[in-house]
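fold the stuff below for me.
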Amino acid sequence: MPGSGVKASLTALDFAALLRESLWELEGLRLQKAWALGEAVVARFREPLAGDRVLVLSPKVGVFETRYELPREEPPPQLAEALRRLRGARLACVRQLNLDRVAALELERGGRRVELVVEWVREGNVLVVEGGAVAAALRQREMRDRRVAVGEPYEPPPPRGLDPLSLSPLDAPQPGDPKRTAAAHLSRIVNAPGELVAEALHRCGVDPNAPSSQLDRATAWRALLELKRLYLKVLGGELEPCVLAEGGEPAAAYPLRLEHLGAALESVPSFSEAVGRVFAKLLLAPPPEAGRGAALEAERLAAEYAARAEALRRAASAIMADLARFDELLEEFRELRRSARWDLLERELKAKRPEVVAADPARNRLRVTAGGVEVELDASLTAARNASRLFEEAKDLERRAKRAAEAAGGLRPEARERPALKPRRERRWFEGFHHFLSSEGFLVIGGRDASQNEAIVRKYMRPDDVFLHADIHGGPVVVVKAEGREPGEATLLEAAQLAAAYSRAWELGMAAVDVYWVKGEQVSKRAPPGEYLPRGAFMVYGRRNYLGKVKLELAVGVRVAGGGYELEAGPPSAIAKRCDAYVVLEPGRLPREEAARKVAELLSEALRARGLKARIPAHEVLALLPKGGFHLSRRPAASV
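Numbering: from 1, shown residues only. The predicted structure follows:
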């Protein structure tokens, strides 16, 4: 049955498997940003020094992690503010409610504990729950079995059947309707995925599609016991991840090998990765019916705009052809507005001028028929100015009609292509630090604050690495990763420039500063007896090697990568070797924010000159700059 395994959402057992395989790893991470993709919420969590983990919370599909790029939309207004307040919150716990298709993410921030709840049962919902009550919800509903509304206590959806782990022989059903399959018959009494019920029957020697009238109670009980065993296998973390492929692409993912699906299943190393690929595609590809309806609506708007534009042009032309008469009409209206009673003004004007439809003296507006089209004239303007305004409105409507027609063409199902899934670029372990690749090919990293200085010395520095620090209070720990090689003078000087540039010397406006270096084995976090080392501090033993008067100079460069761009900052000699264009900065009087804006503009122009239409935001450059003032010593230079 090759096509029978395709599914449109995660089952409760799928989510239980994801929890045990990988989702628990997100606990302790902080929520960096949340955005929308249709009705789904996409949440990005930051793993310190390692990278991002992206979680999709969909009321249609379920909760899963993805490694693919997903479009960004504004969250629905009913959730936007609640999600904004959760930024920076720590994910304390991910759990499943009632072993059902309901997930709860418990977040902590500033003493507050908030739950982000996702239900993908019935029509689905995304809710923010605080103190046991609903604080925000995608949908507020009054249902037969519960009420979902802001301020009301939160109750999860009631299970649609018996708990598969708490069954007894008394729960085994009698033979059922011959028109109903055995799998459908068992699925009516137990809260379990249909695919797993079918598998349990298959493993008991029963065809899942056999008439339920042939399923006696004893066989049904054996199938329910097998169902429980399969559940316990997944809950114990014994996964057998596999996918069902169609056309060379995975169309469904399963945590266990389902024998009743036949040999079409292929084993995969990770259930989480398979789920992320299968269901990310579903989120990116709306159903054809939706596209067809949107295309029809866009076509209707295009026709409506075009018709109104043509009518306005006709009215404007009629006014221009008889300017004297329309100027007289406007003057007469202005005179009556000054002298006559406003409640009688319209009747008096209509009696003299058959083209008048309505008069509004309060707004100083007059509705008339011109060229067979009803339009509104502004009595504070001349007839010619009114005609010009109508021509402008017609132009605007024609532009809208063109855009709507183009949109309709792109929305038609036959014209739409499924967006290609692009793997998200994985954040490398060193990208959280200041970093660059030296001209000799050595990775150089530097701490951004005391915590990162601590992490570099404790976790990432090896005995044969080179440790550098500016000979001034306040500066980053800089480490050259030797990886079994000996760094040359060029790398040591470049690493020293990084240590100097991000030290307090830049903020003080100095032109140069001494920098020393030692081997990693000479650096220790162990304080001498009776002393205490604060976070970010260290002890250096043995001889220090000094590089005198290291010039304070920093290059910010950009290189084209993967259809986009990447920014890098470091010593000019290293950045020149790797980037397509760069700007060199020295300490000066230009404020930091203004310097970032200028550098962003210059590098954006350099990208456009190379055929890449991209605008580099100033805040991306700002994140690379040290504290203090700046002088642009060299404008965009092409790499050699």
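
can you give me the pLDDT of the nearest residue to Gln140 once chain neighbours are set aside?
Leaving aside its chain neighbours, Gln140 sits nearest to Ala149 (4.8 Å; criterion: CB to CB, 6 or more residues apart in numbering). Any C-beta I mention is one placed from the backbone N, CA and C, and that applies to glycine too. Per-residue pLDDT puts Ala149 at 94.

surely Ala149 touches Val134?
Yes - counting by CB atoms under 8 Å, Ala149 does reach Val134; the two are 6.4 Å apart.

so for these two, which sits in the more crowded spot?
With neighbours defined as other CB atoms under 10 Å, Ala149 and Val134 compare such that Val134 has more, 21 against 12.

how close does the more buried one sit to Arg217?
Val134 sits 42 Å away from Arg217, going by CB to CB, to the nearest Å.

tally of neighbours for the nearest residue to Cys242 once chain neighbours are set aside?
Nearest residue to Cys242, sequence neighbours excluded (CB to CB, 6+ apart): Leu265, at 4.4 Å. Leu265 has 21 neighbours, counted by other CB under 10 Å.

then Ser451?
Counted with other CB under 10 Å, residues neighbouring Ser451 total 12.

identify all contacting residues around the host helix or strand of it.
Using DSSP states H and E, Ser451 sits within helix 450-455. Contact with helix 450-455 is made by 49, 432-433, 447, 476-477, 525, 534-536, 538, as judged by CB atoms under 8 Å, 6 or more residues apart in numbering.

ranking helices and strands of the protein by mean pLDDT, which lands last?
Sorting the helices and strands of the chain by mean pLDDT, DSSP states H and E puts strand 630-638 at the bottom, at a mean of 76.

just after the helix holding Ser451, pick out the following helix or strand.
Criterion used, DSSP H and E; the element after helix 450-455 is strand 466-470.

how far away from the center of its chain is that following strand?
Centre-to-centre, strand 466-470 and its host chain are 38 Å apart (CA atoms, centre = their mean, to the nearest Å).

and that strand, average pLDDT?
96.

same check on stretch 31-41?
88.

just the CA trace of that stretch, in CSV.
What follows is stretch 31-41, C-alpha atoms only, in CSV (Å, rounded to 0.1, in the frame of the first residue of the first chain):
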residue,chain,number,x,y,z
LEU,A,31,13.8,32.1,23.2
GLN,A,32,15.4,34.6,20.8
LYS,A,33,12.6,35.4,18.4
ALA,A,34,9.2,34.1,17.4
TRP,A,35,7.4,34.8,14.1
ALA,A,36,4.5,33.4,12.1
LEU,A,37,4.2,31.2,9.1
GLY,A,38,0.5,31.1,8.3
GLU,A,39,-1.2,30.1,11.6
ALA,A,40,2.0,28.4,12.8
VAL,A,41,4.4,30.0,15.2
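
please enumerate residues in contact with that stretch?
Contacts to stretch 31-41, defined as CB under 8 Å, 6+ apart, come from residues 42-46, 52, 56-61, 70-76, 79, 83, 86-91, 107, 116, 118, 124, 126, 138, 283, 286.

list buried residues within those residues.
Buried members of those, counted by 16 or more other CB atoms under 10 Å: 42-46, 52, 56-59, 61, 70, 75-76, 79, 83, 86, 89, 91, 107, 116, 118, 124, 126, 138, 283.

restricted to helices, list the residues you listed.
Mapping those onto helices (DSSP state H) picks out 79, 83, 283.

for the contacts of helix 450-455, pick the one with the most neighbours.
Highest neighbour count within the contacts of helix 450-455, by other CB under 10 Å: Pro476, with 27 neighbours.

hmm, that residue is touching Tyr502, no?
Yes - here Pro476 reaches Tyr502: they are 4.8 Å apart, a contact under CB under 8 Å.

quick check: neighbours shared by those two?
Overlap of the contact sets of Pro476 and Tyr502 (by CB under 8 Å, 6+ apart) consists of 434, 446.

pop the domain breakdown of the chain in here.
Domain ranges of the chain: 12-148, 169-247+259-264, 291-411, 428-552, 553-640, per automatic domain parsing.

low-scoring stretches of the stretch 151-300 of the chain, by residue?
Within the stretch 151-300 of the chain, the stretches with pLDDT under 70 are 247, 263, 284-295.

let me redo that: the stretch 351-500 of the chain
407-426.

name the element Val63 belongs to?
According to DSSP H and E, Val63 maps onto strand 62-66.

run me through the strand neighbours of that strand, direction for each.
Partners of strand 62-66 in the sheet, by DSSP bridges, are strand 51-58 (antiparallel).

give me the distance between the partner strand and the centre of its chain.
From the chain centre to the centre of strand 51-58 is a distance of 8 Å (CA atoms, centre = their mean).

may I have it as CSV, with CA atoms only?
Taking Å, rounded to 0.1, in the frame of the first residue of the first chain, the C-alpha atoms of strand 51-58 are listed here in CSV:
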residue,chain,number,x,y,z
GLY,A,51,23.9,27.8,17.3
ASP,A,52,20.2,28.1,16.9
ARG,A,53,17.4,25.5,17.3
VAL,A,54,14.2,26.3,15.4
LEU,A,55,10.9,24.9,16.6
VAL,A,56,7.7,25.0,14.6
LEU,A,57,4.4,25.2,16.6
SER,A,58,1.6,24.5,14.2
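
rewinding a little: among the contacts of helix 450-455, which one sits closest to Ala200?
Of all the contacts of helix 450-455, Ala200 sits closest to Leu49, with 45.0 Å by CB to CB.

quick one: list the elements packing against the longest helix that the chain contains.
Identified as the longest helix of the chain according to DSSP H is helix 288-321. Judged by 3 or more CB pairs under 8 Å, 6 or more residues apart in numbering; DSSP states H and E, the packing partners of helix 288-321 are strand 365-370, strand 373-378, helix 383-411.

list the buried ones in whichever helix or strand comes after that helix?
Next helix or strand after helix 288-321 toward the C-terminus (DSSP H and E): helix 323-339. For helix 323-339, burial by neighbour count (16+ other CB under 10 Å) applies to 326, 329-330, 332-333, 336-337.

tilt between helix 323-339 and helix 383-411?
110 degrees (axes from the mean of the first three to the mean of the last three CA atoms, to 10 degrees).

relative to the whole chain's centre, how far out is helix 323-339?
Relative to its chain's centre, helix 323-339 lies at 58 Å (CA atoms, centre = their mean).

now what about that helix, what contacts it?
319, 345, 348-349, 352-353, 355-356, 359, 361, 364, 366, 368, 370, 377, 379, 382-384, 386-387.

pull out the buried residues from the residues you listed.
Burial by neighbour count, judged by 16+ other CB under 10 Å, picks out 319, 345, 349, 353, 355-356, 359, 361, 366, 368, 370, 377, 379, 383, 386-387 from the contacts of helix 323-339.

what two of those are the furthest from one another?
Across the buried ones among the contacts of helix 323-339, the longest distance by CB to CB is 23.7 Å; it joins Leu345 and Ala387.

lovely, talk soon.
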